[in-house]
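Visitor: sequence first, predicted coordinates after that:
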Amino acid sequence: MFSNLTRLLPLSITIMVPSRGGTAGGGINSVKYSRLAESDEGYIDLQFKRTPPKVPYKAIALAVFLFLYPDRTIPVLIIGVLIFLPGFYHLRIAYYASKGYRGYSYDDIPDFDD
């Protein structure tokens, strides 16, 4: 159906698209398209290509700064340990109870609905 049309299309097309930035200088971005293969079966290689992840440098720097900030580090670590220990304890009991180990039961885990 489109075989005659694809012969007429050039190998690549450059389209000028106005940007959303609303700059006074015209702000035009160049978008490049390439010609599709004739037997693509509806798929192209570019749709499966993963873009590299964007590294959040500012967030990482802020996290390092807050972690190294002495007024905040010790209380946050203490609260983290106090929250981690009961969770680990209950998960350990639940794991051993699910595997059927002797001395472990789901009854040992407190029910917080009371």
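Guide: Done, it's in. Here the structure is a predicted model, which means the values were calculated and not measured. Numbering: from 1, shown residues only.
Visitor: name the helices or strands packed onto the longest helix along the chain?
Guide: Ranked by residue count and defined by DSSP state H, the top helix of the chain is helix 70-99. The contact analysis (3 or more C-beta pairs under 8 Å, 6 or more residues apart in numbering; DSSP states H and E) places helix 70-99 against helix 57-68. Using the backbone N, CA and C atoms, a C-beta is placed for each residue, glycine as well.
Visitor: let me know the angle separating the helix it packs on from helix 70-99.
Guide: Put simply, helix 57-68 runs at 90 degrees to helix 70-99, going by axes from the mean of the first three to the mean of the last three C-alpha atoms, to 10 degrees.
Visitor: quick one, domains of the protein?
Guide: 3-48, 57-108 (automatic domain parsing).
Visitor: buried ones in the longest helix of the chain?
Guide: In terms of neighbour count (16 or more other C-beta atoms under 10 Å), helix 70-99 has its buried residues at 93, 97.
Visitor: and the contacts of stretch 101-114?
Guide: With C-beta atoms under 8 Å, 6 or more residues apart in numbering as the test, stretch 101-114 has contacts from 90, 93, 94, 96, 97.
Visitor: alpha carbons only: can I get that stretch in CSV?
Guide: The C-alpha coordinates for stretch 101-114 follow below in CSV (Å, rounded to 0.1, in the frame of the first residue of the first chain):
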residue,chain,number,x,y,z
TYR,A,101,10.4,-24.2,62.1
ARG,A,102,9.8,-25.5,65.6
GLY,A,103,9.1,-22.7,68.2
TYR,A,104,8.0,-20.1,65.7
SER,A,105,4.3,-19.3,65.1
TYR,A,106,2.3,-16.5,63.6
ASP,A,107,0.8,-16.0,67.1
ASP,A,108,4.2,-14.6,68.2
ILE,A,109,3.6,-11.6,66.0
PRO,A,110,1.5,-8.9,67.8
ASP,A,111,-1.8,-8.0,66.2
PHE,A,112,-2.0,-4.2,66.0
ASP,A,113,-5.8,-4.2,65.5
ASP,A,114,-6.4,-4.5,69.3
